[in-house]
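Student: fold the following, please.
(2 chains)
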Amino acid sequence: MKILHTSDWHLGRRPVGGVGKFSDIRFNDYFESARWVVEKAIEEKIDLILISGDLFDKSNILPEVFDRTIEILQMAKENGIKIFAVEGNHDRVFQSYSWLKSLDKMGYLKLLDYKNDGMYEFEGYNFYGLPYNGLPEEYFKESLKNIETKSNNIFVIHTAINSSDYLIPGIISKEQADRLGEKFDYIAGGHFHYYSFYPQKSPFFFVPGSPEYCDLYERDEKGIIIYDTEKSKHTFIPSKKRKVHRLTLELRNNDELLEEVKKLTQKNSVNEEDILILNIKASDTYNYISVEELENDLSKEIRALKIIIVGIDYYGENVISVSDITKNKIEEIEKSVITQKWKNIFSFNAEKTVKFTEELKRIVIDQRDESEIYEITDKFLSSLLGDSGNVD
Amino acid sequence: MLIKKVYLKNFKNHENSKFEFTRGINLILGPNGAGKSSIFEAIGLALFDVKINGLNLNSHIRKGEKSAEIEIEFEGNDGLDYTVIRRLSGGSSSKYELRADEVKKSGREIIEEVSRLCGINLSKPSMIFTHIICGYQNKLTETFTSNRKEIFDEIFEVRMYYDIHDRLRSVMREYELKERDASIKVEDIQKHLEEDFPESLLEKLQNIDEEIKRLYTRKKELEKKKKESEERYQSLQEKKNNISRLSERIENLRNNLNRYKKELENHEKELFELQKIEKELKIHEANYIEYQSLLNKKERIEEKIRELREFNEKKKKTESDLLEVENKIKSNNFKITTYRNMIDEKQQKIEKNDETIEKTEATLEEYQKKLEEQTKTLQKFRKEKEALESQKKKKESFEKEYHLMKNKKEELLRKQSELEEKEIYLKELSNKIEILEKSEQILKDIERDIQKLRFRKDGLEGWLENVENGICPVLNKECSELLSMNSENIFKTISDIEKNIEDKINEKRKIEKDVETLNHLKTEKIEIIAKINSLKEDLKDMHKLLKEEENLNDQLCKFSNLEEELEGLNRSISEFEKEIAKMNSSIKFHFEEINKIREENSKLEEEIVELRNSIEDLEIENNEYLKKKNRIEEYLKDVKEKIVQLEKLEKEHDQISNSMKKLRESNEFYNRNAPRIEKIPEIEHKISELKEEIRKSEVETHQAEEELSSINVEELDFDISSLKEYMKEIERELQSVLGQIGGKNEEKKTLEHNLKKRKKILQELENLKDEVKVLKKKKKLLKEYRENIKFMGNYIADTITKNVEKLATEYYRKITGKAETIKWVAQDSYEVYLNGKTYRMLSGGEQMSVAIALRLALAKFYSDTKLLILDEPTSNLDQERRQAFSNALDFMLGDLEQVFIVTHDETFKENAQNVISLG
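Tutor: Here you go, the predicted model:
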């Protein structure tokens, strides 16, 4: 059997603000990406599509969204492709009736809910699915306790694995994932909007990512996963989505701003269909710029679907520029300091160094044993020296 | 995050309060002491474990109560609803609970879970809540004054890096210790290595190897010699063994010879005996033969007798079979007679039934005739009834017409009385008109009088004017007399005239009313006359109508007996119909009776046919039985003959038995001894064989004895003993060589072991040297890391403040509308400057605005809660700033999801999406 695993379509989404031409185009983009997924399924002769939650962006969608969703699901139905789905955090509010339930009743998809409806069998495989819950560790412990064997079991769930110390609601730890791995051959995850799998060797936990950018700051790979049950082999295919350019501009004075942006867009061949995300680095002595006004001025002169200025970083002698303020601030600043200021072996291993520092912090906070500090420090330094112990 | 509901039970001064909040601005209004701030203290305590002023938890429980409970419903950053419950009970213990859907989690560790659901991913959620999200009263500005270094160092985790630097010192010490240990070990090993395991060991090993090689060559030579002598010893030993084998053989041969001779003697004795028996057997032979032939005959007769006896036994069975067949025939015959009788009975019954049918059919015919007659009469009656009914219809139509006419007549009578009334009224009306027509004349007179009076009045007035001016109205000239004349009389006259006019006008008005009435009456009169005419017209037909009515009445009288006749007729018809129905049912009954009997007859006939068939079957069966009976009788006849034969044979058998008795002795002797003499040729053959064997053994014995005497035994023994001596010598030397090899190998092993040890120590030494090298590198790295990490906090604080101050400036400008710039310098103990002035130098209003701008900027840059709580933000603001702040609220909300403003100032009421009033 060939399974196409997809997730987080977020149909009905509009960018913040919610009105105007740009909003309408982006609204349409999500349907285009979803259509591409189903067309790919037809082309690849897929037997079954798994949607791991967040099919819709909201629990209360507009009639137009429902109608256009049905149009896309109908294509799969006409080509004899089954669809199994679960509810994500965006699809439902507790104790309410989600639109996915309606789609199930209308025969466009099968909504999996192991706790209420039990396991679902298809082509010799047992499909388990659960709707999203904010406290997944407790939730799985409670809901999955009766599943024991690992033979042709597939689990569909709107969750992902915690890959760093940065905590996000509704996700699980690696240990929890390992426990799930004992019960299931393939875990179809979601929630995160980028492609990932776990563990590196013979993986069983997969997240394909959202086909379209839900947030324009998303950078990693996103697409679909095709899983061949006979060969136990998975293949990742990047999805069709709007082109987004992320460019950085260093400014010395006000007058050159427009010319500089023009040059930059030409050099990077920014199309009028594309979105341009601009990060401006301005000198410390640079005059105060209003982001709002700047965006307006630029969109009059530059041909692009939308110009977004992420932020203006004022840099000077003593200012560290922070490139990404959407994640954990302190870790990001640490990373920037290590790369930009330390200028030593740690700068080449900034990510590792930040992680090591975070571990040290935890030990200091929890007031743990000295021996543990020695252990993690030695491990970290050894990893910097490499196997051969050479560092020169 | 979004706080949706807060329930407080026995928390501070809230006994049982419930608050619902919305997205956007939530305004909490109320006087001091109404419990506004305690709502947010409860939120801080339940969500982030924020201790209020470091007080004991017990002090938050309402006076007189034992426990308190805070329940907060919020929307997490994943868009789902969660509920956090914190219960405080006496003795400073408290319990946490977090719920999502039906899943529940409890324990202190949920504080971290809640923090991440709220978007705070840092180690100090309570600090973030206290100093960024929620500005309690006074603390809004306080955060940036007295303890700011401590606060922000803690929030930005600046000290943490010093701590890390310090804690890593122990690691450095560990590395140093390890390095020293390793170096000492290296020296120690190097010192002892040449003493214990010198390099010369290798040369020694080579020498021993050569020695061992040489010894192995000698060992091979000796082993070869040993093998050769062993082979020779083997062959000598073989020879010696041969001598003893020969003596043994001779002994064996002699024993055999004796055994053969004894055997021969026995056989010869047996042969002599058998030859004697052979002679005797010839005498008995004739008797034996006769006995055998008799025995054969006897056996044949016995066989026949057995056969015949079987027939005799079969006879008994056949006889019983015969009896059975005869019984069967008898029973069948009985059955046949019974069936025949039954058939007769049934036929009689049929005949009787036929008679009954004939009779019933005759009765039926009679009934039908009667029925026909009655039906005819009934039809006649029905025709009559139809005629009567049509007459009845006619009558009904007459009645209808009569009824209509009566109505018409009544209407006309009513109209006649109306006419009479109207005529009387007309007369009255005419009278009234006549009277009023007179008033019309009077009215004309009055009008004329008024005209006259007015004319006169006008004249008098003109006259009066002249008189007043002293002008004579007659002469139209000045008259001095007139001037003295009193004009009052004229006035009086004029007013009299005026009064007169007025009276006349009043009178006229009255009469005008009468004239108006007259006009009405005239119209009415015309109407009434018209009405009278129309009534008269209607009444013209009255006479004709009365005549018609009389006519109709006559007609109706004719039909007076009609209904009685119809009723009588109906009664007769229903009687007839009853009669006919009765008759029909009786006919039906008889028909059914006949049918029943006919059915019975056909059933009886069927039964008869069945019985006849049975009889036929029985007769056929009897025929079969008779045939069988004949066969059996035939057979029995045959059997009787055979029994006669049997008796004959039995007699013959007895005779043979007697003859055989006489011959039995000879027969037994022959039987016993005849086989024995058959052995004679065999014994004769054995005797000749034994004789040959004896001859051969004697020759062989002789040869062996000769061979034995030819060998020299002494010489052989000598050879063997000298060979043994030689072999012993070789063995001795071989043992000595082997011993030498073992010793040398032992020596070699020790040498090799020592060399291995040396190699291992050398490896260990190398490892230790490497370890020292790595430790040195690690020390260097660690030193570098420590040096750098120590100041990480400063960089972080610096970076955050520099980013936040830009954002804060933007907010400040929006809030105040002033183009001033905020600076926030981490290195300067987080001093806040506004256009160069330090925070303390700012006015209360400026401090508040800067504090709000900084908090907003921090909230945006530093946490994902999108929540801000401001407690009395306007307390120090003047009216202008207050308004500017209120105007900027919407702008602030652009980045935040929910803002709480606790205030007693109603300026914001318009901005708020939700207003909660307390107290």
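Student: hey, which helix or strand in the chain has the poorest pLDDT?
Tutor: By default, I'm working from chain A. Lowest on mean pLDDT, DSSP states H and E among the helices and strands of chain A sits strand A:306-315, with a mean of 69.
Student: the chain in question should be chain B.
Tutor: helix B:480-484 (a mean of 63).
Student: show the subsequent helix or strand relative to that one.
Tutor: The element immediately downstream of helix B:480-484 (helix or strand, assigned by DSSP states H and E) is helix B:488-539.
Student: elements contacting that next one?
Tutor: Packing partners of helix B:488-539 (3 or more CB pairs under 8 Å, 6 or more residues apart in numbering or on different chains; DSSP states H and E): helix B:201-469. C-beta: built from backbone N, CA, C; applies to glycine.
Student: for the helix it packs on, give the mean pLDDT please.
Tutor: The pLDDT scores in helix B:201-469 average 86.
Student: what's the angle from it to helix B:488-539?
Tutor: Per axes from the mean of the first three to the mean of the last three CA atoms, to 10 degrees, the angle that helix B:201-469 makes with helix B:488-539 is 110 degrees.
Student: would you check the distance separating helix B:201-469 from the middle of the chain?
Tutor: Relative to its chain's centre, helix B:201-469 lies at 33 Å (CA atoms, centre = their mean, to the nearest Å).
Student: what bits of the stretch 451-600 of chain B have low per-residue confidence?
Tutor: Within the stretch 451-600 of chain B, the set of residues satisfying pLDDT under 70 comprises B:473-487.
Student: contacts only, for the spatially closest residue to B:M172 that is not a sequence neighbour.
Tutor: Spatial nearest neighbour of B:M172, excluding adjacent residues (CB to CB, 6 or more residues apart in numbering or on different chains): B:L782 at 5.7 Å. Counting by CB atoms under 8 Å, 6 or more residues apart in numbering or on different chains, B:L782 makes contact with A:T377, A:L381, B:L168, B:V171, B:M172, B:Y175.
Student: got phi/psi on A:T248?
Tutor: Backbone torsions of A:T248, given as degrees, to the nearest 10, read phi -120, psi 140.
Student: give the burial count for the closest residue to it other than its chain neighbours, as a bare number.
Tutor: Nearest residue to A:T248 in three dimensions, chain neighbours excluded: A:N279, at 4.5 Å (CB to CB, 6+ apart). Residue crowding around A:N279 was assessed by other CB atoms under 10 Å in any protein chain shown; the count is 18.
Student: quick one: secondary structure of A:N279?
Tutor: strand (DSSP: H, G, I helix; E, B strand; the rest coil).
Student: the stretch 101-250 of chain A: helices as residue ranges?
Tutor: A:114-117, A:136-143, A:174-181 (DSSP state H, counting those that start in this stretch).
Student: does chain B sit close to the shortest one?
Tutor: It stands for helix A:114-117. No - for helix A:114-117, no contact with chain B is found by CB under 8 Å from any CB of the partner chain; the gap never falls below 9.2 Å.
Student: that older thread, mind checking what secondary structure the residue nearest to B:M172 has?
Tutor: Counting by three-state DSSP, the backbone at B:L782 sits in helix.
Student: how much space separates it from A:A76?
Tutor: 59 Å (CB to CB, to the nearest Å).
Student: any regions of the stretch 151-300 of chain A where pLDDT drops low?
Tutor: Using pLDDT under 70, the stretch 151-300 of chain A drops low at A:164-167, A:252-255, A:282-291.
Student: can you map out the strands along it?
Tutor: With DSSP state E, counting those that start in this stretch, the ranges of strands along the stretch 151-300 of chain A come out as A:153-157, A:186-188, A:196-198, A:205-207, A:223-228, A:233-238, A:244-251, A:275-283.
Student: got a list of what residue 242 touches?
Tutor: Assuming you mean chain A. By CB under 8 Å, 6+ apart, the residues touching A:R242 are A:R26, A:D29, A:E212, A:Y213, A:E273, A:D274, A:I275, A:L305.
Student: ah, no, chain B please
Tutor: Contacts of B:N242 by CB under 8 Å, 6+ apart are B:I711.
Student: next up, phi/psi of the most centrally placed residue in chain B, please.
Tutor: Closest to where the C-alpha atoms of chain B average out (CA atoms, centre = their mean) is B:E102, at 18.2 Å. When read as degrees, to the nearest 10, the backbone of B:E102 gives phi -100, psi 0.
Student: kindly report the same for A:K222.
Tutor: Dihedral angles for A:K222 - degrees, to the nearest 10 - are phi -140, psi 150.
Student: I figured it hits A:F192, correct?
Tutor: No - using CB atoms under 8 Å, A:K222 is not in contact with A:F192; the gap is 9.6 Å.
Student: for the helix or strand where B:I608 lies, which helices and strands make contact with it?
Tutor: Using DSSP H and E, B:I608 falls within helix B:562-677. With contacts defined as 3+ CB pairs under 8 Å, 6+ apart, helix B:562-677 has these neighbours: helix B:201-469.
Student: which SSE is immediately downstream of the helix it packs on?
Tutor: On the C-terminal side of helix B:201-469, the closest following helix or strand by DSSP H and E is strand B:471-472.
Student: okay, now the sheet partners of that following strand, with direction.
Tutor: Strand B:471-472 has its sheet partners listed here by DSSP bridges as strand B:477-478 (antiparallel).
Student: which one of the contacts of A:R242 sits in the busiest neighbourhood?
Tutor: Busiest of the contacts of A:R242 [other CB under 10 Å] is A:E212, holding 25 neighbours.
Student: from A:R13, how far off is that one?
Tutor: On the measure of CB to CB, A:E212 and A:R13 end up 8 Å apart.
Student: and what of B:T523?
Tutor: B:T523 is 88 Å from A:R13, by CB to CB.
Student: higher neighbour count, the two?
Tutor: A:R13 (23 against 10).
Student: residue numbers of the stretch 651-800 of chain B in contact with chain A?
Tutor: Applying CB under 8 Å from any CB, one finds that the stretch 651-800 of chain B approaches chain A through B:770, B:773-774, B:777-778, B:781-782, B:784-785, B:788-789, B:792, B:795-796, B:798-800.
Student: give me that answer again for 6 Å
Tutor: B:V774, B:K777, B:K778, B:L781, B:E784, B:N788, B:Y795, B:I796, B:T799 (CB under 6 Å from any CB of the partner chain).
Student: how about B:E565: what's its closest non-neighbour residue?
Tutor: Using CB to CB, 6+ apart and skipping residues adjacent in sequence, the residue nearest B:E565 is B:L388, 6.1 Å away.
Student: does the one you found touch B:E567 like I think?
Tutor: No - look at B:L388 against B:E567 with CB atoms under 6 Å: they stay out of range, at 9.8 Å.
Student: so between these two, which is more surrounded?
Tutor: Each of B:L388 and B:E567 has its neighbours counted (other CB under 10 Å); B:L388 has more, 17 against 10.
Student: distance of B:N630 from chain A?
Tutor: From B:N630 across to chain A, the span is 83 Å (CB to the nearest CB, to the nearest Å).
Student: now for that residue: which residues touch it?
Tutor: Contacts for B:N630 (CB atoms under 6 Å, 6 or more residues apart in numbering or on different chains) come out as none.
Student: can you list the domain ranges for chain A.
Tutor: Per the record, chain A has its domains at A:2-238, A:244-315, A:329-385, by automatic domain parsing.
Student: flag every residue of the stretch 1-150 of chain B that's near chain A.
Tutor: B:76-81, B:100-101, B:103, B:105, B:116-117, B:121, B:123.
Student: just the residues you listed: which are in strands?
Tutor: Cross-referencing the residues of the stretch 1-150 of chain B next to chain A against strands under DSSP state E gives B:D81, B:A100, B:V103, B:K105.
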